[in-house]
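*Asks:* Have a look at this prediction, sequence included:
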Amino acid sequence: MKIDIVSVFPEYFEVLNLSLLGKAQAKGLVTVQAHNLRDWTHDVHHSVDDTPVGGGAGMVMKPEVWSECLDDLLGLAPAIIAADAAVDDAVADDAAVDPSRPVLIFPNPSAPLFTQQDATELSHADHLLFGCGRYEGYDARIPQYYRAQGVDVREYSIGDYVLNGGEVAVSVMLEAITRLMPGFMGNPASIVEESYTGGNALLEHRQYTKPAEWRGLRVPDVLLSGDHGKVDRFRRDEALSKTSGLRPDLIEGLDCTQLDKADRKTLMSLGWEVSGPHPRKR
Ligand code: ADE
């Protein structure tokens with residue numbers, strides 16, 4: 001996978017040379033290149049922003065600088081959108097990625113939430129290009145224009161809070177995406193078992209390691225029993241009860257036909273109705 005990142009702080013991404021992503025780069029599984037947006041400016045101040053049209057506080061990133069940069073990185077010639085052309089204003093969705101098409105991603109606090117499903121989909125792409133906004137964001141015509149050029153453009157928020165720029169959001173998304181690539185993780189089984197994975201996402205059960213007793217606190221006996229069936233059931237019940245308490249929205253998204261008899265019993269004891277297509281709180 002080829003990953004390009006455009007930012008006014010490209011040094012920020014030096015951390016990507018560490019840890020598992022650093023190893024994946026050394027193995028040739030991914031190449032990551034961070035570019036400085038200011039390299040595409042022509043004025044003495046290397047300015048990338050301007051005041052918002054219509055007034056208001058802050059500064060907005062200029063489309064001309066971004067387009068010179070993105071045209072270069074995507075290998076596109078400049079074009080003019082016809083006045084009567086239908087311009088697609090759709091924001092990111094969970095559409096399937098076509099690996100042969102680059103995906104242009106803009107972190108944006110006003111976009112749909114980035115989820116594990118998006119990370120899974122994007123892990124199939126051959127080329128990801130991230131554009132980090134700063135200040136009050138970027139001119140809205142930038143994603144519109146590249147969609148009109150046939151680029152798969154997506155915008156994502158990483159949570160309901162506002163950061164100073166897209167750099168942290170890109171790091172978060174990149175880590176979530178790249179760890180799903182085949183060959184990235186030492187033990188791929190650890191991905192299969194974790195929270196938010198698969199169509200029936202639950203928060204993961206608690207984990208313990210040795211010793212069985214530490215400072216007076218014991219690991220639950222069932223985990224020491226060696227009975228794999230009982231261990232699986234205990235963990236599944238814990239995942240159901242934890243998710244029911246902390247993220248009932250995830251329980252509401254479960255497919256009842258995928259639940260076994262014991263799952264249903266546990267959910268009913270937690271106050272859920274499980275006779276319909278999805279659980280409903282009683
Ligand atoms: N830029 C600023 N805040 C952000 C957020 N929450 N998610 C994505 N990009 C952002």
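*Replies:* On my side now, so go ahead. The shown structure was predicted, so the numbers you read here are calculated from the model rather than taken from an experiment. Numbers count the residues shown, from 1 in each chain.

*Asks:* C-alpha from now on. contacts and neighbour counts both.
*Replies:* OK.

*Asks:* show me where the stretch 101-250 of the chain has helices.
*Replies:* 116-122, 141-148, 167-178, 189-192, 228-246, 248-252 (DSSP state H, counting those that start in this stretch).

*Asks:* The ligand is nearest to which of those?
*Replies:* helix 167-178 (5.0 Å; CA to the nearest ligand atom).

*Asks:* touching the ligand at all, the closest one?
*Replies:* Yes. Using CA under 6 Å from any ligand atom, helix 167-178 comes into contact with the ligand via Ala169.

*Asks:* List the buried residues of that helix.
*Replies:* Residues 167-171, 173-174, 176-178 are the ones in helix 167-178 that count as buried (16 or more other CA atoms under 10 Å).

*Asks:* Show the pLDDT at Val91.
*Replies:* We have a pLDDT of 59 for Val91.

*Asks:* again but with Glu194, I slipped
*Replies:* 77.

*Asks:* swap in Tyr135?
*Replies:* 81.

*Asks:* Met173 now?
*Replies:* So, for Met173, pLDDT stands at 98.

*Asks:* separation between it and Ile5?
*Replies:* Relative to Ile5, Met173 is positioned 12 Å away (CA to CA, to the nearest Å).

*Asks:* any weak-confidence spans in the stretch 101-250 of the chain?
*Replies:* 193, 198-199 (pLDDT under 70).

*Asks:* How about the residues of it by the ligand?
*Replies:* That would be 107-109, 156-166, 169, which are the residues of the stretch 101-250 of the chain within reach of the ligand (CA under 6 Å from any ligand atom).

*Asks:* In ChimeraX, select just the buried ones from these.
*Replies:* Buried members of those, defined by 16+ other CA under 10 Å, are picked up in ChimeraX with:
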select :107,108,109,156,157,158,159,165,166,169
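
*Asks:* For the residue of the chain positioned farthest from its centre, give me its contacts.
*Replies:* Here the chain reaches farthest from its C-alpha mean at Gly216, the gap being 39.3 Å by CA atoms, centre = their mean. If you count contacts by CA atoms under 8 Å, 6 or more residues apart in numbering, Gly216 has none.

*Asks:* care to break this structure down by domain?
*Replies:* 2-189, 213-281 (automatic domain parsing).

*Asks:* Mean neighbour count, those domains: which tops it?
*Replies:* With neighbours taken as mean count of other CA atoms under 10 Å, the domains of the chain reach their highest mean count in domain 2-189, at a mean of 17.

*Asks:* I figured Ile5 was touching Leu129, is that so?
*Replies:* Yes. Between Ile5 and Leu129 a contact is recorded at 5.8 Å, counting by CA atoms under 8 Å.

*Asks:* Extract the C-alpha set from stretch 114-121 and format it as PDB.
*Replies:* Written as PDB, here are the backbone C-alpha positions of stretch 114-121 (Å, rounded to 0.1, in the frame of the first residue of the first chain):
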ATOM      1  CA  PHE A 114     -14.800   6.800  11.100                       C
ATOM      2  CA  THR A 115     -15.500   3.200  12.100                       C
ATOM      3  CA  GLN A 116     -13.800  -0.200  12.100                       C
ATOM      4  CA  GLN A 117     -15.900  -1.000   9.000                       C
ATOM      5  CA  ASP A 118     -14.300   2.000   7.200                       C
ATOM      6  CA  ALA A 119     -10.800   0.900   8.400                       C
ATOM      7  CA  THR A 120     -11.500  -2.600   7.000                       C
ATOM      8  CA  GLU A 121     -12.600  -1.300   3.700                       C
END
